[in-house]
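> Fold the following for me, if possible:
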Amino acid sequence: MSKYLLREYYELCEGGVCQDFLTEGEKRMVNEQGAVFLTGVIQAADQKNGNGRIYPKLILEREVENYKKIINENRALGELDHPDDSVVNLRNVSHMITDCWWEGNQVMGKLKALDTPSGNILKSLAQSGVSLGISSRGMGSVQEANGNTIVEDDFQLICFDIVSEPSTTNAYLNLSENRQREIQDEIWTKADRINRALNNILM
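From the prediction side, this is the model:
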């Protein structure tokens with residue numbers, strides 16, 4: 001059975017709300033350097049996804065463990081938008097996955113936007129409140145069983161890309177709660193000043 005490119009899309013942060021998974025060091029990077037971190041669901045096992053495929057947990061556990069080695073080597077890069085390629089193009093890299101872990105059958109992930117052209121676009125989108133999704137990219141084959149499309153044992157996870165059209169509903173990727181509140185406070189303060197000035201003129 002031949003292998004081909006498998007791409008799965010997820011809208012990170014269920015219900016549009018992300019828990020604050022940042023460490024104290026990462027929070028300092030956000031406050032002092034303007035770093036942007038995004039967190040949320042990046043893959044799921046033993047359930048049919050938006051593309052109609054099921055990833056057995058044993059296979060996904062193996063690939064996540066392999067991917068963690070890449071994370072530890074600071075090589076877990078991803079692109080903005082989703083290329084039809086099995087190679088990560090460094091010219092288009094926008095972010096680096098800094099951590100991933102299991103919560104039940106869901107793989108959670110944390111990524112940092114990089115100071116690259118695509119990374120700066122990602123930062124701007126996130127800080128503007130755009131709902132972003134994440135998509136896994138991997139190589140493998142599938143088989144049909146009992147009306148389901150099952151990913152085979154030859155699956156190899158390549159990377160996670162940022163996309164605009166995820167397939168899993170109600171799980172958007174957002175800024176950490178702390179940074180989200182800071183930006184909302186900044187926007188509210190500016191809008192409040194404008195509204196007050198307009199009210200004073202009209203009165």
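> mind checking how far the residue nearest the centre of the chain is from residue 82?
The structure's the chain has its C-alpha centroid closest to residue 134; by Cα atoms, centre = their mean the separation is 4.0 Å. Distance, residue 134 to residue 82, by Cβ to Cβ, to the nearest Å: 10 Å. For every residue, glycine as well, the C-beta is placed using N, CA and C.
> can you check residue 55 too?
Using Cβ to Cβ, we find residue 55 at a distance of 18 Å from residue 82.
> Same check on residue 27?
Relative to residue 82, residue 27 is positioned 30 Å away (Cβ to Cβ).
> Helices along this structure, start to end?
All helices of the chain, identified by DSSP state H, fall at 24-33, 57-72, 117-127, 177-202.
> pLDDT averaged over the first one - what is it?
Confidence over helix 24-33, taken as the mean pLDDT, stands at 84.
> picking up where we left off before, can you check which residues contact both of residue 134 and residue 82?
161, 163 (Cβ atoms under 8 Å, 6 or more residues apart in numbering).
> circling back: residue 55 and residue 82: which is more packed in?
The residue with more neighbours, out of residue 55 and residue 82, is residue 55; 28 against 19, by other Cβ atoms under 10 Å.
> Let me know the distance separating the more buried one from residue 29.
Distance of residue 55 to residue 29, computed by Cβ to Cβ: 32 Å.
> Same question for residue 132.
In this view, residue 132 and residue 29 are 20 Å apart by Cβ to Cβ.
> So these two - more neighbours on which side?
Using other Cβ under 10 Å as the criterion, residue 132 and residue 29 rank with residue 132 on top: 21 against 16.
> hey, which strand is longest across the chain?
Longest strand of the chain, by residue count under DSSP state E: strand 93-103.
> Give me the angle between that strand and helix 24-33.
Using axes from the mean of the first three to the mean of the last three Cα atoms, to 10 degrees, the inter-axis angle of strand 93-103 relative to helix 24-33 is 150 degrees.
> Please name the strands paired to strand 93-103 in the sheet, noting orientation.
Using DSSP bridges, the strands paired with strand 93-103 are strand 77-79 (antiparallel), strand 106-113 (antiparallel).
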